[in-house]
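>>> Need coordinates for the following:
(one chain, ligands or ions: 1)
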Amino acid sequence: SVVVPTATGDKGDDILSSLPTREGWWTTFVLYHGCWMTPQTARSVSLVRAQFAPRDDDVVLATYPKCGTTWLKALAFAITNRSSHPVGAGDHPLLTQSPHDLVPFIELPFRHIHPLAAALDAIPSPRLLGTHMQHHLLPPRVDELGCRIVYLCREPKDVIVSLWHFINKVIDDDLSLDFDKAFEMFVDGFSSVGPIWNHYLGYWNKHVEEPDRVLFLKYDDMMADPTGHVKKLAEFLRVPFTDDEVDAGVVEEVVTLCSFEKLSRLPVNSSGVVDRIGGRLVHNSAFFRKGKVEEWKNYLTEEMAKKLDAVVEEKLKGSGLTF
Ligand code: A3P
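Numbers count the residues shown, from 1 in each chain. Sure, this is the predicted structure:
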């Protein structure tokens, strides 16, 4: 049985104690509504579902961890706020604040370390909000109200490489999780907020059902054509670029401002530590590693790549989603 801290920090809440558990990553995970997560995350997700009040003009930026959340948050912030914060301005908020502070995760204020939902309620509309929750765990009001969702996914082989680096760097300085072990758990569908294919499919299926409400993006495609994607994102966010802006190079300015090269070198993103995940300090720099596609080629053997490809293909079969 797992003792889960409550939202107020009290111990002894055993609401999740009957859930299946599994060891392997940095702590025991529970299987909550078909999704693996830490007990703390499960508790916060249950609180989100009970207490978070979506607004119809909320835009939810949803990702599986390590799929480019930080990048998407930066892009969406820069695009939607460009009338009050011109992209080329020397005092642009992205130059001094983390994308994660400008676009908060829905789940985080519901963790015991943070004050409850008031933080999200205080954000003026229209809100940009991040989440790592699987689609079926979002409060049903998100769909009922017609909140728009931007989902960003990534080639799963690159995700496991990025995830492994992140966990080793962040979770505990003395944790050194073997890559082969992490890979096997990932392939087995056992990873934080995974299985990853269920995470992808939940949002993919919603996108197929409601393409105008759920935009589905791939990191690799964004890397290949950032300007095209910035334009697409602006249209989806209902702030399309005007012809004058396009002529003035504003689209390219957004791409440059939010690029890995630019953001990763800013002091706010390259130094310091912060508790972003609930109870553990994270180096700000951990969110910026390489920012490349096909990094997996340096980590996975041919056999491993084939194995993960086969599982992903099988799990996504018939959905229309491919990698
Ligand atoms: P790598 O570990 O492969 O380098 P998340 O933001 O979801 O935590 O994902 C982190 C991944 O996105 C890391 O991948 C990180 O380097 C990459 N990343 C961060 N900022 C980026 C940016 N502005 N452009 C492209 N990739 C970025």
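>>> Which residue comes closest to the residue of the stretch 101-250 of the chain found nearest the ligand once chain neighbours are left out?
Closest residue of the stretch 101-250 of the chain to the ligand, CB to the nearest ligand atom: residue 162 (3.3 Å). Using the backbone N, CA and C atoms, a C-beta is placed for each residue, glycine as well. Sequence neighbours aside, residue 66 is the residue nearest to residue 162 in space, at 3.9 Å (criterion: CB to CB, 6 or more residues apart in numbering).
>>> Which residues are in contact with the residue positioned nearest the centre of the chain?
With distances taken as CA atoms, centre = their mean, the residue of the chain nearest its centroid is residue 63 (3.5 Å). Residue 63 sits next to 69, 72, 130, 131, 132, 151, 152, 153 when contact means CB atoms under 8 Å, 6 or more residues apart in numbering.
>>> at 6 Å what do you get?
With contact set as CB atoms under 6 Å, 6 or more residues apart in numbering, residue 63 has these partners: 69, 152.
>>> Tell me the bridge partners for it.
Note on residue 63: beta-bridge partners residue 152, judged by DSSP bridges.
>>> pLDDT score assigned to it?
Here the pLDDT value assigned to residue 63 is 98.
>>> Tell me the gap between the helix or strand hosting residue 169 and the middle of its chain.
Element membership of residue 169 [criterion: DSSP states H and E] is helix 156-170. Relative to its parent chain, helix 156-170 has a centroid offset of 13 Å by CA atoms, centre = their mean, to the nearest Å.
>>> just use 773 as the starting number from now, easier for me
From this message on, residue numbering opens at 773, which makes the last subject helix 928-942.
>>> Quick one: list the elements packing against the very next helix or strand once past that helix.
Remark: after helix 928-942, the chain's next helix or strand is helix 951-959, criterion DSSP H and E. The contact analysis (3 or more CB pairs under 6 Å, 6 or more residues apart in numbering; DSSP states H and E) places helix 951-959 against helix 928-942.
>>> I'd like to check what contacts the helix it packs on. Which residues are they?
The contact list for helix 928-942 (CB under 6 Å, 6+ apart) reads 838, 949, 951, 954-955, 958, 968, 1054, 1058, 1061, 1067-1068, 1071-1072, 1077, 1080, 1084.
>>> Likewise for stretch 1041-1056?
With CB under 6 Å, 6+ apart as the test, stretch 1041-1056 has contacts from 812, 872, 883, 885, 942, 1035, 1057, 1060.
>>> Can you give me the buried ones in the strand or helix carrying the first one?
Using DSSP H and E, the secondary-structure element containing residue 812 is helix 811-823. Buried residues in helix 811-823, counting neighbours by 16 or more other CB atoms under 10 Å, are found at 811, 812, 813, 814, 815, 816, 817, 818, 819, 820, 821.
>>> try stretch 860-872
Buried-residue list, stretch 860-872, by 16+ other CB under 10 Å: 864, 865, 866, 870, 871, 872.
>>> and this structure, which residues reach the ligand?
Listed as neighbours of the ligand in the chain under the rule CB under 6 Å from any ligand atom: 835, 837-843, 930, 934, 937, 1030-1032, 1035, 1059-1063, 1067.
>>> how about 5 Å then?
838, 840, 841, 842, 843, 934, 1032, 1035, 1060, 1061, 1062, 1063 (CB under 5 Å from any ligand atom).
>>> In a markdown table: those residues, plus pLDDT and distance to residue 1023.
What follows is those, written out as a markdown table (pLDDT from 0 to 100; distance: CB to CB, whole Å):
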| residue | pLDDT | distance to residue 1023 |
| --- | --- | --- |
| 838 | 98 | 26 |
| 840 | 98 | 18 |
| 841 | 98 | 22 |
| 842 | 98 | 20 |
| 843 | 98 | 16 |
| 934 | 97 | 27 |
| 1032 | 98 | 17 |
| 1035 | 98 | 17 |
| 1060 | 96 | 23 |
| 1061 | 95 | 26 |
| 1062 | 96 | 25 |
| 1063 | 97 | 20 |
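>>> how about the CA coordinates for stretch 962-976, as CSV?
Extracted C-alpha coordinates of stretch 962-976, given in CSV (Å, rounded to 0.1, in the frame of the first residue of the first chain):
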residue,chain,number,x,y,z
PHE,A,962,5.7,1.1,-18.1
SER,A,963,6.8,4.8,-17.9
SER,A,964,5.5,7.9,-16.3
VAL,A,965,2.1,8.8,-17.6
GLY,A,966,2.5,5.9,-20.1
PRO,A,967,2.1,3.7,-21.9
ILE,A,968,3.3,6.3,-24.3
TRP,A,969,1.2,4.9,-27.2
ASN,A,970,-2.0,5.3,-25.1
HIS,A,971,-1.0,8.9,-24.4
TYR,A,972,-0.5,9.5,-28.1
LEU,A,973,-3.7,7.6,-29.1
GLY,A,974,-6.0,9.4,-26.7
TYR,A,975,-5.2,12.7,-28.2
TRP,A,976,-4.8,11.4,-31.8
